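Chemist: Whatever this is, show me its structure:
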Amino acid sequence: MAVVLIRATILYIIITFSLRLMGKRQLGELQPSELVVTILISNIAAIPVEDSSVPMILGIVPIFTLVCLDVIVSAVMLKFPKFRKLMIGSPRVIMSEGVIVQKEMKRLRYTVDDLVEAMREEQIFDITEIWYAIVETTGKIHFLKKKDCQNAEKADVNCGPPAVIIRDGREDEEQLQSMGLGMGWLKEQLRERKLSVKDVFLMTADKNGQHTIIERQRGL
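Modeler: Model prediction:
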């Protein structure tokens, strides 16, 4: 048992030092290649800890090899932007001037729920407030709100944040009921726009019936 504790302590110190050498503060900031290195390091470190017959050097050498490789790749990416783009990609715009770029969302395999969840994390509950949305290479979505967007303290938000009642061509009857609305109301709104549920990419509505409809782009 003492041997296992000593080996685990040594590897813990080595891995901590290695991750500090990589220069990342938290897992959410890791690029894809760096995340792969982190996973590989954890798997390699587990072998000499679980099996005391495996020499420590067989764990230490691969760990430092991977860290050195990551540092070298980072240096190459700094010098050659095209190589960096090949390895980690580039930020993608999924909302431009208040319009959802549905083709880009499909390419990134982002759903309406992914977008709405990211909005809530940024304390944004109405999609009409957003001017630009950019997906970083780490997967984090950053939003730029419209300059003339009303503050949350306005009295007209007492009805609560809007709910998603149609997502990617499918209605959500549970959300409709939670807003005090019904299928009759929904059909009436769509009829006025000469749309069917399948024509809608995203529709939100609040308890006052104020709603936003974003049509599905053709061919998607």
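Chemist: quick one: buried residues of the top helix by length along the chain?
Modeler: Identified as the longest helix of the chain according to DSSP state H is helix 57-79. Under the neighbour-count criterion of 16 or more other CB atoms under 10 Å, helix 57-79 has 59, 60, 62, 63, 66, 67, 70, 73, 74, 77 buried. Heads up, the C-betas are built off the backbone N, CA and C, glycines and all.
Chemist: Which one of those residues is nearest to residue 17?
Modeler: Nearest to residue 17 out of these is residue 67 (CB to CB; 8.8 Å).
Chemist: My read is that the closest one contacts residue 38, right?
Modeler: No - under the criterion of CB atoms under 8 Å, residue 67 makes no contact with residue 38, lying 10.1 Å away.
Chemist: Check which element follows the helix or strand bottoming out on mean pLDDT in the chain along the chain.
Modeler: One helix or strand of the chain scores below all others by mean pLDDT, DSSP states H and E: helix 2-22, with a mean of 69. Counting by DSSP states H and E, the element after helix 2-22 in chain order, helix or strand, is helix 32-50.
Chemist: Mean confidence (pLDDT) on that next one, please.
Modeler: For helix 32-50, the mean per-residue pLDDT is 78.
Chemist: list the helices and strands that helix packs on?
Modeler: Under the contact criterion of 3 or more CB pairs under 8 Å, 6 or more residues apart in numbering; DSSP states H and E, helix 32-50 touches helix 2-22, helix 57-79, helix 81-88.
Chemist: Give the burial count for residue 47, as a bare number.
Modeler: 13 (other CB atoms under 10 Å).
Chemist: Run a quick check on residue 162 versus residue 211, I expect a contact.
Modeler: Yes - using CB under 8 Å as the test, residue 162 is close enough to residue 211 to be in contact (7.4 Å).
Chemist: So which of these two has more stuff around it?
Modeler: Neighbours were counted for residue 162 and for residue 211 using other CB under 10 Å; residue 162 has more, 23 against 17.
Chemist: Return the backbone torsion pair for the more buried one.
Modeler: phi -70, psi 150 (degrees, to the nearest 10).
Chemist: Now do it against residue 181, distance only.
Modeler: Applying CB to CB, to the nearest Å, the value for residue 162 to residue 181 is 11 Å.
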